[in-house]
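A.B. asks: Sequence plus predicted model, see below.
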Number of protein chains: 2
Amino acid sequence: MCANLDSEMEFKFAKRMSEIKASEIREILKVTEKPEVISFAGGLPAPELFPVNEIKEVNRIVLEENGAKALQYTTTEGYRPLRNWIAERMNSRLRTSFDCDNILITHGSQQALDLSGKVFLDEGDVVFCESPTYLAAISAFRAYGCEFIEIPTDDEGMIISELAKRLENCKRAKLIYVIPDFQNPTGRTWSIERRKQLAEVSAKYGIAVVEDNPYGELRFEGDSLHAVKSFDVTGNILCTGTFSKIFCPGYRIGWIAGDKDIIRKYVLVKQGTDLQCNTIAQMEISKYLDLYDIDTHIEKIREIYRKRRDLAIQTMENAFPENVVFTRPNGGLFAWVELPTYINARKVLEKSLEQNIAFVPGGSFFPNGGKENTFRINFSNMPEDKIVEGLTRLGDILKDFV
Amino acid sequence: MCANLDSEMEFKFAKRMSEIKASEIREILKVTEKPEVISFAGGLPAPELFPVNEIKEVNRIVLEENGAKALQYTTTEGYRPLRNWIAERMNSRLRTSFDCDNILITHGSQQALDLSGKVFLDEGDVVFCESPTYLAAISAFRAYGCEFIEIPTDDEGMIISELAKRLENCKRAKLIYVIPDFQNPTGRTWSIERRKQLAEVSAKYGIAVVEDNPYGELRFEGDSLHAVKSFDVTGNILCTGTFSKIFCPGYRIGWIAGDKDIIRKYVLVKQGTDLQCNTIAQMEISKYLDLYDIDTHIEKIREIYRKRRDLAIQTMENAFPENVVFTRPNGGLFAWVELPTYINARKVLEKSLEQNIAFVPGGSFFPNGGKENTFRINFSNMPEDKIVEGLTRLGDILKDFV
């Protein structure tokens, strides 16, 4: 191998490579692999809730019934019975009238974002997003050379009047990206009014919306709110979904749903990207949905996460200094913490890693750089005693900073 | 939904969408789902050779030993024991000294091509390839807005003196893409001399090479030839691999291997693309490799395919008109047929589909449009009697055209 490879090779990579950085979360996660670390950093589901025995059973059945099919190539679109189930589930929740041709199976909802970039974005196009927004959505879209316009948010979600104002003057607007339910990273849920307004603005300006919804099924209290998609009259709105949070993430099975003509374009793009998703994973999930009641399983997840959320919020209320504010989410995996503006969360992280406590500083969730006095807390992955211990110690650390 | 969505939406997609077409193969494959069709169209492995019982067993063991880990998120790089196995396998075959950090697990080798596009290609960059070349590599790279320069090939592979000539005058050269073993679509294998020459040219011009090798393990006779990678002194050469042809394609597990600094860039790009590959699929394959002898399994595949190749060649020799020429591959899945120039293979396909016989016309394997008097024959997927019946009838159809 050539010793000075870096200097020789650099100029030959694509321009986008200068923009692509390691995900801060994935880098922190490497630190958190040490068992002594109490981690609030990842977005990992609780592994003790994975239906391991049921999966063993459906694997056996799928291989016995149709092993040759399960291990062979399949269509790019995905396994039809699974797409039918997803369409019906969405119809019952989103007032859509989808069938399987409205659904493309993707490698988690992350791939749905990447394919959205490939379908919609040219270099210099603009993506509108919440400020802050999901870190890995920024990476997915940025790879296609787009720019981001961050729209301010409050407790009711994106401030749509601001969005409309920015759209009015934007010639390269291509995509609006939102997470209305238990948003990552803030944990906030949009009001119904904002959802209606977004659908209207999308229709008025003829702009596609990607409504990312990995956490919607994880509501701890109150009624589910209609998706933005349910107010769509133009076909402009695409929705993602995933089995990662309600079943298990290791399978990498998610989907994108929308107007058939648009989904057809996603299918073409996915053909050249990776041909198709794992055949047997799709058949196993489909068999699981046939044989077991996923709603009972989801209710079990909700109960555990609700307890962990309660405990996390209660501990932060007791242990965090008074001038530190945080969200109180009704579902999902995350809460969002804002420190006084003079404190940099990365400095706090340095201190807390010394004490084996991890979280993700908030700066990276702002695509154009932003509030370094924020951080994200995941409450789904640690057992209850660790939540109390970790957040109590984090409170002590914070007291040294305020 | 809006009735005239197409006309309203068209302008908002990315430019690349006007270039992306349905894969002709995947469209033909939809026709071939009818059981009465004798298909030489796909690149499907023989499903009767999938180790179904062994996979059931490794699934059980993996879930019992470590179900929580198998169903959880893992690192983007992939499951370390599997990457170690791949590194060792490559070292013993390619004279490399890889360890797991030289390997990134991808969704089949198709994703390795897509990620190569993302890492290397800006709009207007040039990819050099064999003429003809793998259809879905054209789609993968084209999505990044590149142009293709096709280099003529003969029975020894790409004519490297032609490549050097074209490189000399090309300012936007970025990538050389080759399939030296049992090439798709021609079935040809490069001579050792051409491999050495390619490594030299790549070093001289400082151009990255992607050496795609999905079929190399499927050699029916003769000794394996050293990979182009084995002559690499600069670290310019990347290699793909896959479990699709030696294990099963349904898992979508392949890899890209190369210099650590370059692979690190692929890892960053994959993070934003889909986070990681299926965790349990990686652990199952790794467990299979621990418990069973994959070389015995590969030998079984080779024997069956060798018989099918023999039968296919023999039948074509007997049944095809004299002025139809075809390759006689020493391995892999495909043979390549050239008709007299006045015959269009798409017309032959129309006729043969009427008689329930399918193959892929060769035109699409030429990125800049090309020889419509060619087609590709897959010999791995049909049982022996169907091979004889199908190719005999195809011979009769051809006689009406010559």
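C.D. replies: Yes, it's here.

A.B. asks: Now do the strands in the stretch 51-200 of chain A.
C.D. replies: Assigned by DSSP state E, counting those that start in this stretch, the stretch 51-200 of chain A shows strands spanning A:103-106, A:126-131, A:147-154, A:157-158, A:173-178.

A.B. asks: and the angle from the second one to strand A:147-154?
C.D. replies: With axes from the mean of the first three to the mean of the last three C-alpha atoms, to 10 degrees defining the directions, strand A:126-131 sits at 30 degrees from strand A:147-154.

A.B. asks: Is chain B within reach of strand A:126-131?
C.D. replies: No: Strand A:126-131 does not reach chain B (C-beta under 8 Å from any C-beta of the partner chain); its nearest approach is 11.9 Å. In short, each C-beta sits where N, CA and C put it, glycine included.

A.B. asks: who does that strand touch, helix- and strand-wise?
C.D. replies: Applying 3 or more C-beta pairs under 8 Å, 6 or more residues apart in numbering or on different chains; DSSP states H and E, we find strand A:126-131 packed against helix A:135-142, strand A:147-154, helix A:160-168, strand A:173-178.

A.B. asks: follow-up on the earlier one: looking at the strands of the stretch 51-200 of chain A, which is closest to residue A:53?
C.D. replies: Minimum separation from residue A:53 across those (C-beta to C-beta) falls at strand A:103-106, 24.7 Å.

A.B. asks: what lines up beside the closest one in the sheet?
C.D. replies: Here strand A:103-106 is paired, per DSSP bridges, with strand A:254-257 (antiparallel).

A.B. asks: thinking again about what came up before, wait, which of the helices and strands packed on strand A:126-131 is closest to residue A:279?
C.D. replies: Short answer: helix A:135-142, nearest of the helices and strands packed on strand A:126-131 by C-beta to C-beta, at 24.4 Å.

A.B. asks: Now do the same for the closest one: mean pLDDT, whole number.
C.D. replies: When pLDDT is averaged over helix A:135-142, the result is 96.

A.B. asks: Can you pull out the residues in contact with that helix?
C.D. replies: For helix A:135-142, the external contacting residues (C-beta atoms under 8 Å, 6 or more residues apart in numbering or on different chains) are A:16, A:19-20, A:23-25, A:110, A:113-114, A:116-117, A:121, A:127, A:129, A:148, A:175, A:177, A:184-185, A:212, A:360, A:364-365, A:367, B:271-273, B:275.

A.B. asks: angle of that helix against strand A:126-131?
C.D. replies: Using the same axes, to 10 degrees: helix A:135-142 against strand A:126-131 is 170 degrees.

A.B. asks: how far is helix A:135-142 from where the chain is centred?
C.D. replies: The chain centroid and the centroid of helix A:135-142 are separated by 11 Å under C-alpha atoms, centre = their mean, to the nearest Å.

A.B. asks: for chain B, what are the nearby residues on the stretch 251-400 of chain A?
C.D. replies: Proximity of the stretch 251-400 of chain A to chain B (C-beta under 8 Å from any C-beta) is limited to residues A:251-252, A:259, A:261-262, A:265, A:268-269, A:271-281.

A.B. asks: Restricted to strands, list these.
C.D. replies: Of those, none are assigned to strands by DSSP state E.

A.B. asks: Does residue A:93 touch residue A:224 like I think?
C.D. replies: Yes: contact criterion C-beta atoms under 8 Å: residue A:93 and residue A:224 qualify, at 7.0 Å.

A.B. asks: Return every residue with contacts to both of those two.
C.D. replies: Taking C-beta under 8 Å, 6+ apart as the criterion, residue A:93 and residue A:224 both touch residue A:216.

A.B. asks: Tell me which of the two has more neighbours.
C.D. replies: Using other C-beta atoms under 10 Å in any protein chain shown, the more surrounded residue of residue A:93 and residue A:224 is residue A:93, with 18 against 12.

A.B. asks: so what pLDDT did the more buried one get?
C.D. replies: pLDDT, residue A:93: 86.

A.B. asks: Tell me which residues touch it, please.
C.D. replies: A:216, A:224, A:227.

A.B. asks: Check residue A:97 too.
C.D. replies: residue A:91.

A.B. asks: Who does residue A:377 form a beta bridge with?
C.D. replies: Taking DSSP bridges as the rule, residue A:377 bridges to residue A:335.

A.B. asks: surely it meets residue A:328?
C.D. replies: No: if you go by C-beta under 8 Å, residue A:377 and residue A:328 don't touch, sitting 11.5 Å apart.

A.B. asks: Overlap of the contact sets of those two?
C.D. replies: residue A:335.

A.B. asks: These two: who's more crowded?
C.D. replies: A side-by-side neighbour count of residue A:377 and residue A:328, using other C-beta under 10 Å, places residue A:377 first with 25 against 13.

A.B. asks: okay, and for chain A, where does confidence drop off?
C.D. replies: In the prediction, chain A carries residues with pLDDT under 70 at positions A:1-11, A:26.

A.B. asks: domain parsing for it?
C.D. replies: A:15-44+A:296-401, A:52-291 (automatic domain parsing).

A.B. asks: among these, which is nearest residue B:134?
C.D. replies: Comparing the domains of chain A against residue B:134 with C-beta to C-beta, the closest turns out to be domain A:52-291 (11.2 Å).

A.B. asks: quick one on the thing from earlier: by neighbour count, sort out the buried ones in the contacts of helix A:135-142.
C.D. replies: Buried members of the contacts of helix A:135-142, counted by 16 or more other C-beta atoms under 10 Å in any protein chain shown: A:16, A:20, A:23-25, A:110, A:113-114, A:116-117, A:121, A:127, A:129, A:148, A:175, A:177, A:184-185, A:212, A:360, A:364-365, A:367, B:271-273, B:275.

A.B. asks: From these, which land in helices?
C.D. replies: A:24, A:25, A:110, A:113, A:114, A:116, A:117, B:271, B:272, B:273 (DSSP state H).

A.B. asks: mind giving me TSV with those residues and columns for distance to residue A:99?
C.D. replies: TSV is the format used below for these (distance: C-beta to C-beta, whole Å):
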residue	distance to residue A:99
A:24	40
A:25	36
A:110	25
A:113	24
A:114	25
A:116	21
A:117	26
B:271	33
B:272	31
B:273	28
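
A.B. asks: can you tell me which residues contact residue A:344?
C.D. replies: So residue A:344 contacts A:361, A:372, A:373 (C-beta under 8 Å, 6+ apart).

A.B. asks: again, 6 Å this time
C.D. replies: residue A:372 (C-beta atoms under 6 Å, 6 or more residues apart in numbering or on different chains).

A.B. asks: got it, and residue A:329?
C.D. replies: A:182, A:187, A:335.
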